[in-house]
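Trainee: Just the structure for this:
(3 chains)
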Amino acid sequence: MKKVYSRPRLLKEAHFHYCPGCGHSIVTRLIAEVVDEMEMAGKAICVAPAGCGMLVYNYFDFDTLESAHGRGAAVATGIKRVRPQNLVFSYQGDGDLAAIGTAESFHAANRGELISIIFVNNGVYGMTGGQMAPTTLLDQVTTTSPLGRTSVKEGHPVRMCEVLAVLPGTSYLERVAVNKPSAILRAKKAIAKAFEHQLKGTGFSMVEILSPCPTNWKMGTIDACRWIDEVMTKEFPLGVVKEAAC
Amino acid sequence: MNGNSACAEAAVLAGCTCYFGYPITPQNELGEYMARRLCDVEGAVFIQSESEIAAINMVLGASVAGARAMTSSSSPGISLKQEGISYLAADELPGVIVNMSRGGPGMGNISPAQSDYLQATRGGGHGDYRTIVLAPSSVQEIADLMPVAFDLADEYRNPVVVLGDGMLGQMMEPVSFDAIGPPKEFVKDYILTGAEGRPSRMVRSLLFDVKEEEEHNWKLFRKFQRMEQNEVRFETELGDDAEMIVVAYGTAARIARGAIKRLRQENLKVGLIRPITLWPFPKKAILEAARKVSEFFVFEMNAGQMLEDVLLSLEGQGHVHFYGRPGGVIPTPVELYRIISRHYHQSLKGKKG
Amino acid sequence: MPSGTTEKKGSITIDQERCKGCLFCVEFCPKKSISLSSKLNMKGYFVAEFAPGACTACATCAVVCPEVAIEVYKA
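Mentor: Reported below is the predicted structural model:
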């Protein structure tokens, strides 16, 4: 018997801290696979966020830095400007990118910084216990929208890919999901695409990844995967939002 | 050259290749100078960031990538940077932050003030850390201290604050950069360059295990102790026969000199201790002075901040007088001379009378 | 002409200490070769277990496994 699938070389031995059925786990693995397949382990520098994704520095076997909450795009900008030959990407959740980090994300995109952002969108603030996020859906119940999100009081969910697509500095923006095998394979290709755009210098790239959070959605793991297909993608359609020539 | 521009020029000569900042009066000339000047430096980076918060985080990124990076702002903007400065200290990364302070609190005004002393010298952000604080009092001294700031930041792997004020930033004085030599080289085995040919590195400050976090804090503490032992800088003028010592820094020290000149003309024996590092504070020098002098006069452009450090330094000895004007008011030497004179007569002549 | 005997083409190993019983592999295995056992691991999760015989080494289980607990072998 020959081994046809093994643990990615660039994942350290540490067990993941993520909840059962958490999309972060899959995204973390995909990044490790892509960096290895692109032979960029010696060049990759990952900026980790605050939030459930904050411990990626314990998992990736390449250079990593923890950023303050929301500042990943600014920190990645500083790194990439000093080391343009490196593959610099930030890993951010919905609060990190689209709430506290909105200015940094928007302006890094507007300047066309040659960084890639892996944006894990699970519609809630996971690490802090399930509060409302900018991407929480209307009527979705969270700990800080106990009666369900309303447009009148809390505004609409934000589609960051579409928001950033307006900016000429962005060259590749795609929304994917990690809720089933075909989607996961598509997500992996998107991550590789984003890195390719960075290395070719076309502009700012981002992959938004719809990710199950069974714990805070208060659902079973398989139900959470289905919910992404049946409900979440209605608000956050999958697909390439913008792509410049590469 | 004005102080803001001299600061920028000296930084570039000291090897600063990255400047990130946001406009705020009274230090706009610093960023503007950098925008033009860094065009002449190969591989240099200038970004007018979207906010002061973004700027300090860009400094962190550039620093972890191995560059000498700085940012500048004025009081309200410096408040915004505090989280980033805390992260720099926690991550043990170098960085230089220039504060041309102005009247506050809140929006305040654009007039020079010294009301960020406590913010600068007590870490300023969350957590147990300190930053070396350098306090120039002339345009030349700004130029002299910028290379020192970068060297200290690299040597200790810690952020360094250069605390000026709107007057120092805006005033024009002759300045020479001849004394600035080529930047010192530091071995940086902690930076992120991509893990080619070596084990991967992680730079982070989250330490869930409280024992680990405590040990990290003590490690930083020992670094701060070394700074306190080795990096105190101050100047004493007319201290030998003084019966009253004025303690003042920056612009306030210049005003104090003018006052002391007049006092000396009337044979009032007043001297000056001018701290150049506000942290570490010249505690020993002040305590030493208390062996011969019993009257200390703290003068600053605020409602009483360095006053606390002078009181702490004296450990209850001597008698401390205070005169301060907050809000961006620039007291005149004559005004100060009158106040000091009155205190001097009440404390000293009265006893002899 | 082969009359329908199935050769064992594939096999997987599951690192049961990494497994969190999330059921993704159980749900997505096209051959239904994986099920949730009543065995508990050190973390207190019921762990997935593999029943050999029908596996084709398609690696879908490994692709969906969040814990990267599965390795796949092919004959």
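Trainee: In chain C, which strand is the longest?
Mentor: strand C:34-40 (DSSP state E).
Trainee: Next, the buried residues of it.
Mentor: C:34, C:36, C:37 (16 or more other CB atoms under 10 Å in any protein chain shown). In short, each C-beta sits where N, CA and C put it, glycine included.
Trainee: can I get the residues you listed in JSON lines with pLDDT and distance to residue B:92?
Mentor: Listed next are the buried residues of strand C:34-40 as JSON lines, based on pLDDT from 0 to 100; distance: CB to CB, whole Å:
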{"residue": "C:34", "pLDDT": "98", "distance to residue B:92": "46"}
{"residue": "C:36", "pLDDT": "97", "distance to residue B:92": "46"}
{"residue": "C:37", "pLDDT": "97", "distance to residue B:92": "47"}
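Trainee: And the residues you listed, which is closest to chain B?
Mentor: Nearest to chain B among these, counting by CB to the nearest CB, is residue C:36 at 30.5 Å.
Trainee: The closest one pairs with what?
Mentor: residue C:48 (DSSP bridges).
Trainee: Quick one: residues contacting it.
Mentor: C:21, C:23, C:26, C:46, C:47, C:48, C:49 (CB atoms under 8 Å, 6 or more residues apart in numbering or on different chains).
Trainee: Kindly report the same for residue C:33.
Mentor: Going by CB under 8 Å, 6+ apart, residue C:33 touches C:12, C:50, C:51, C:52, C:53, C:54, C:55.
Trainee: what comes into contact with stretch B:227-240?
Mentor: B:130, B:132, B:134, B:152, B:156, B:158, B:245, B:257, B:260, B:264, B:270-277, B:280-282, B:284-285, B:289.
Trainee: now, which of these lie within helices?
Mentor: Among the contacts of stretch B:227-240, the ones falling in helices (DSSP state H) are B:152, B:156, B:257, B:260, B:264, B:284, B:285, B:289.
Trainee: where along chain A do the strands fall?
Mentor: Under DSSP E, chain A gives strands at A:2-5, A:44-48, A:63-66, A:87-93, A:116-121, A:124-125, A:131-132, A:170-177, A:204-210, A:239-243.
Trainee: Name the residues of the first one that are buried.
Mentor: It refers to strand A:2-5. Buried residues in strand A:2-5 (16+ other CB under 10 Å): residue A:5.
Trainee: how near is the closest residue to chain C within chain A to residue A:212?
Mentor: Across chain A, the shortest distance to chain C (CB to the nearest CB) belongs to residue A:25, at 3.3 Å. Separation of residue A:25 from residue A:212 (CB to CB, to the nearest Å): 10 Å.
Trainee: Next: residue B:87.
Mentor: Taking CB to CB, one finds residue B:87 at 31 Å from residue A:212.
Trainee: got it, and residue B:181?
Mentor: Residue B:181 is 59 Å from residue A:212, by CB to CB.
Trainee: returning to that earlier point: need the buried residues of strand C:34-40 in JSON lines with distance to residue B:236, can you?
Mentor: Putting those into JSON lines (distance: CB to CB, whole Å) gives the following:
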{"residue": "C:34", "distance to residue B:236": "79"}
{"residue": "C:36", "distance to residue B:236": "78"}
{"residue": "C:37", "distance to residue B:236": "79"}
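Trainee: Tell me the one among those nearest to residue B:195.
Mentor: In terms of CB to CB, no member of the buried residues of strand C:34-40 lies closer to residue B:195 than residue C:34, at 35.4 Å.
Trainee: What separation do you get for the closest one and chain A?
Mentor: In this view, residue C:34 and chain A are 13 Å apart by CB to the nearest CB, to the nearest Å.
Trainee: before we move on, what about residue C:55?
Mentor: 11 Å.
Trainee: Leaving out sequence neighbours, find the closest residue to that residue.
Mentor: residue C:10 (3.8 Å; CB to CB, 6 or more residues apart in numbering or on different chains).
Trainee: In the stretch 151-300 of chain B, what residue comes closest to chain A?
Mentor: Closest point on the stretch 151-300 of chain B to chain A, by CB to the nearest CB, is residue B:196, at 3.1 Å.
Trainee: is it true that that residue lies in a helix?
Mentor: No: read with DSSP: H, G, I helix; E, B strand; the rest coil, residue B:196 is coil and lies in no helix.
Trainee: Tell me who's in contact with the nearest residue to it once chain neighbours are set aside.
Mentor: Spatial nearest neighbour of residue B:196, excluding adjacent residues (CB to CB, 6+ apart): residue A:42 at 3.1 Å. By CB under 8 Å, 6+ apart, the contact list for residue A:42 reads A:62, B:194, B:195, B:196, B:197.
Trainee: Now the phi/psi pair for residue A:42, please.
Mentor: Residue A:42 adopts backbone torsions of phi -80, psi -10, taken as degrees, to the nearest 10.
Trainee: Return the distance of it relative to residue B:202.
Mentor: Relative to residue B:202, and taking CB to CB, residue A:42 is found at 16 Å.
Trainee: for residue A:210, same thing?
Mentor: 28 Å.
Trainee: related to what we said a few turns ago, now the residue of the stretch 151-300 of chain B closest to chain A: how far from residue B:202?
Mentor: Distance from residue B:196 to residue B:202, by CB to CB: 16 Å.
Trainee: These two: who's more crowded?
Mentor: Between residue B:196 and residue B:202, counted using other CB atoms under 10 Å in any protein chain shown, the more crowded position is residue B:202 (17 against 13).
Trainee: what's the closest non-adjacent residue to the more buried one?
Mentor: The shortest distance from residue B:202 to any non-neighbouring residue, by CB to CB, 6+ apart, is to residue A:57 (4.2 Å).
Trainee: before we move on, what about residue A:221?
Mentor: Closest residue in space to residue A:221, ignoring its immediate chain neighbours: residue A:21 at 3.1 Å, by CB to CB, 6+ apart.
Trainee: Count the residues that sit near that neighbour.
Mentor: Residue A:21 has 27 neighbours, counted by other CB under 10 Å.
Trainee: so how far is residue B:66 from it?
Mentor: Per CB to CB, residue A:21 is found 40 Å from residue B:66.
Trainee: swap in residue A:32?
Mentor: 25 Å.
Trainee: Make a markdown table out of the strands of chain A and add mean pLDDT and distance to chain C.
Mentor: Below are the strands of chain A laid out as a markdown table (pLDDT from 0 to 100; distance: least, CB to the nearest CB, whole Å):
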| stretch | mean pLDDT | distance to chain C |
| --- | --- | --- |
| strand A:2-5 | 95 | 4 |
| strand A:44-48 | 98 | 17 |
| strand A:63-66 | 98 | 18 |
| strand A:87-93 | 98 | 16 |
| strand A:116-121 | 98 | 13 |
| strand A:124-125 | 96 | 17 |
| strand A:131-132 | 96 | 23 |
| strand A:170-177 | 98 | 12 |
| strand A:204-210 | 98 | 13 |
| strand A:239-243 | 98 | 21 |
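Trainee: The residue of the stretch 151-300 of chain B closest to chain A is in contact with residue A:43, isn't it?
Mentor: Yes: the pair formed by residue B:196 and residue A:43 meets the contact definition of CB atoms under 8 Å, at 6.8 Å.
Trainee: I figured the residue nearest to residue A:221 hits residue A:216, correct?
Mentor: No: using CB under 8 Å, residue A:21 is not in contact with residue A:216, being 11.5 Å away.
Trainee: pLDDT wise, what is the residue lying closest to residue B:66 once chain neighbours are set aside at?
Mentor: Take residue B:66 and drop its neighbours on the chain: the residue closest to it by CB to CB, 6+ apart is residue B:191, 4.1 Å away. The per-residue pLDDT reported for residue B:191 equals 98.
Trainee: Thank you kindly, that will do.
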